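>>> I need the structure of the sequence given here:
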Amino acid sequence: MFQRSAALRASACRPFARRSWGLGRHTLGSLFHYIQDPWGGWIEYSGDMDRITEDWKPNDWHCPAAVWSPEMPADFITNQEEKPA
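As a prediction, this is how the structure comes out:
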């Protein structure tokens, strides 16, 4: 019975979670998993490891977006919203 109900839940959720990217680690620290919503946007689930002190200064980093993760989907950084009329 449990296996049947899990299969039903999975099939019911399939149209809503079209694609995902992760599990991975952002190069600068946090763990992540992204799920694409039905409208094409990406929802990020993450676990952060940063420690911000009063000595922190912003910086531009020139490094890959992630390490030890599956390959980023080709349309990940594409705006999926419809253009206004």
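
>>> Please count neighbours and contacts with C-alpha atoms only from this point.
Fine.

>>> Could you count how many residues lie near the closest residue to residue 24 other than its chain neighbours?
Using C-alpha to C-alpha, 6 or more residues apart in numbering and skipping the chain neighbours, the partner closest in space to residue 24 is residue 69 (4.2 Å). Residue 69 has 16 neighbours, counted by other C-alpha atoms under 10 Å.

>>> which ones are touching residue 69?
The contact partners of residue 69, taken as C-alpha atoms under 8 Å, 6 or more residues apart in numbering, are 21-25.

>>> Quick one: buried ones out of these?
Neighbour counting with 16 or more other C-alpha atoms under 10 Å marks 21-22, 24-25 as buried within the contacts of residue 69.

>>> Tell me which of the residues you listed fall in strands.
21-22, 24-25 (DSSP state E).

>>> Columns pLDDT and distance to residue 48 on top of these, output as CSV?
Below are these laid out as CSV (pLDDT from 0 to 100; distance: C-alpha to C-alpha, whole Å):
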residue, pLDDT, distance to residue 48
21, 90, 17
22, 89, 15
24, 90, 12
25, 89, 10
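
>>> and of those residues, the nearest to residue 34?
Closest approach between these and residue 34, by C-alpha to C-alpha: residue 21, at 5.0 Å.

>>> Quick check: the closest one vs residue 50, distance?
22 Å (C-alpha to C-alpha, to the nearest Å).

>>> Over to residue 56?
11 Å.

>>> now the helices for this structure?
All helices of the chain, identified by DSSP state H, fall at 2-13.

>>> For it, give me the ranges with low pLDDT.
Low-confidence segments of the chain, defined by pLDDT under 70: 1-18, 49.

>>> at 90 instead, please
Along the chain, the parts satisfying pLDDT under 90 run over 1-20, 22, 25-30, 36-42, 46-53, 56-85.

>>> Tell me which residue is most central in it.
When C-alpha atoms, centre = their mean is applied to the chain, the residue found nearest the centroid is residue 34 (1.8 Å).

>>> and residue 33, how many neighbours does it have?
Residues near residue 33, counting by other C-alpha under 10 Å, number 17.

>>> How about it, nearest residue that isn't a chain neighbour?
Distance criterion C-alpha to C-alpha, 6+ apart; nearest residue to residue 33, sequence neighbours excluded, is residue 22 at 4.4 Å.

>>> Sweet, I'm off.
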